[in-house]
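Engineer: Curious how this folds, go ahead:
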Amino acid sequence: MSDPVVSISPALTLPPTMAGAPYAIEAYNLWVSIPANNDVGAIISGVLPGDTLIVYNASGIASFDSTSMLLVGAALGLANAIAGDVLMFATEGAAAPFVAAWNTAASKVIDAVGNADIKSKRRDAYGRDPGTGEYATHEGGLIVCMPECKGAIYASEDYYLSDNSHSNGRRYPDYSAAAKKNNVLYPCPVAGGLLTATASIAGAINILAFDSTFDDNAGSYNVGLCVVRGQRQSGRSVDELVAALQSAGPTLG
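Structural biologist: Alright, predicted model coming up:
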C-alpha cells in the first residue's frame, strides 16, 4: 500500500493510526483540487459516525456553460494529522515530500484547464458569480456529499437551492428537503450558511462540482478541509484540533 503522507489521488482512506502516536488519529487536514468537468470528484473513505468535516479554505473559479477542458482526476492528499500531541508534520520542511507530490498532482489539473474559456456562468467554490455577486441555485460551486448520501449527488430539482439563495447565499434554510435529509453540504461563508457537517453513519464523503452535465464545464476548485473524529481519547475539542492542524505545516497556497 502506498504511503498516505505522499500519495495524491482522487480517493483516500483516512488512516486510523500514526506511528509513534499515543492515541488513534483524532483529526486530519486534507487538500483537495476538484476539476469542474469531473463527475466523480474526490472521495474520502473511512469516515465514522460523529466525524465532522470543516471547510476552512476554498478558492478557484469555474465556468458551467459552453466551454471545455481535458478530463483529469481530482487531487486529494493528507497534508497532516494529529493524534494526542503528535503531529504528522511538525514543520514546513518535514512536509516537503507531501508538498512536492501535491504540486505535481495539482499542476495536472491546472494543465487540463489550459486556455479554457471561463467567462460564462462563472461560479466560485461557494456558488457565487464574482462579477455580479449573485449565487447560482441550480449549478456551480461545490457540493459535499456526506456518508448519508451513499455516493455523489448531482444537480436536479430535488437538490436545487431555493430562489432566496440567489441574492443571499447558500444558506441552510434554502436547502431542499432532500439535501437536508441526506446531509448534503453546500459550503458558503455567509450568515446562515454552513462550512461544516457531521456524519451520522459510517461511509465515504464525496466532494465534487455541483452540476448534472459536466462536459461543458471548465476550471477547478482548491479546497482545504479538516475531518475531526467524533471519538477522541484526548478530550480535545474540535476547535482545538483544527487550530493545532492549522498552526503546523504545510500551508495550503
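
Engineer: CA only for contacts and neighbour counts going forward, please
Structural biologist: Fine.

Engineer: need the next SSE after the lowest-mean-pLDDT helix or strand in the chain, C-terminal direction.
Structural biologist: Sorting the helices and strands of the chain by mean pLDDT, DSSP states H and E puts strand 86-87 at the bottom, at a mean of 84. Sequence order places helix 96-113 as the next helix or strand after strand 86-87, per DSSP states H and E.

Engineer: And Val228, what's its pLDDT?
Structural biologist: What the model reports for Val228 is a pLDDT of 98.

Engineer: partners of the least confident helix or strand of the chain in the sheet?
Structural biologist: strand 75-83 (antiparallel) (DSSP bridges).

Engineer: buried sites along the partner strand?
Structural biologist: 75-83 (16 or more other Cα atoms under 10 Å).

Engineer: now those in a markdown table, with distance to Thr198 and pLDDT?
Structural biologist: Listed next are the buried residues of strand 75-83 as a markdown table, based on distance: Cα to Cα, whole Å; pLDDT from 0 to 100:
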| residue | distance to Thr198 | pLDDT |
| --- | --- | --- |
| Ala75 | 23 | 95 |
| Leu76 | 20 | 96 |
| Gly77 | 21 | 94 |
| Leu78 | 19 | 93 |
| Ala79 | 21 | 92 |
| Asn80 | 20 | 92 |
| Ala81 | 18 | 93 |
| Ile82 | 19 | 93 |
| Ala83 | 20 | 92 |
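
Engineer: Strands along the stretch 51-200 of the chain, start to end?
Structural biologist: 52-59, 61-63, 75-83, 86-87, 122-124, 142-145, 184-185, 196-198 (DSSP state E, counting those that start in this stretch).

Engineer: mean confidence score for the first one?
Structural biologist: Spelled out, it's strand 52-59. On average, strand 52-59 scores 97.

Engineer: Residues touching that strand, excluding its own?
Structural biologist: Outside strand 52-59, the residues within contact range by Cα atoms under 8 Å, 6 or more residues apart in numbering are 124-126, 187, 195-199, 221-230.

Engineer: need the next SSE after the strand ranked longest in the chain, C-terminal direction.
Structural biologist: Looking across the chain with DSSP state E, the single longest strand is strand 218-228. Scanning forward in sequence from strand 218-228 by DSSP H and E, the next helix or strand is helix 238-247.

Engineer: ok and that next one relative to strand 75-83, angle-wise?
Structural biologist: Computed by axes from the mean of the first three to the mean of the last three Cα atoms, to 10 degrees, the angle separating helix 238-247 from strand 75-83 equals 120 degrees.
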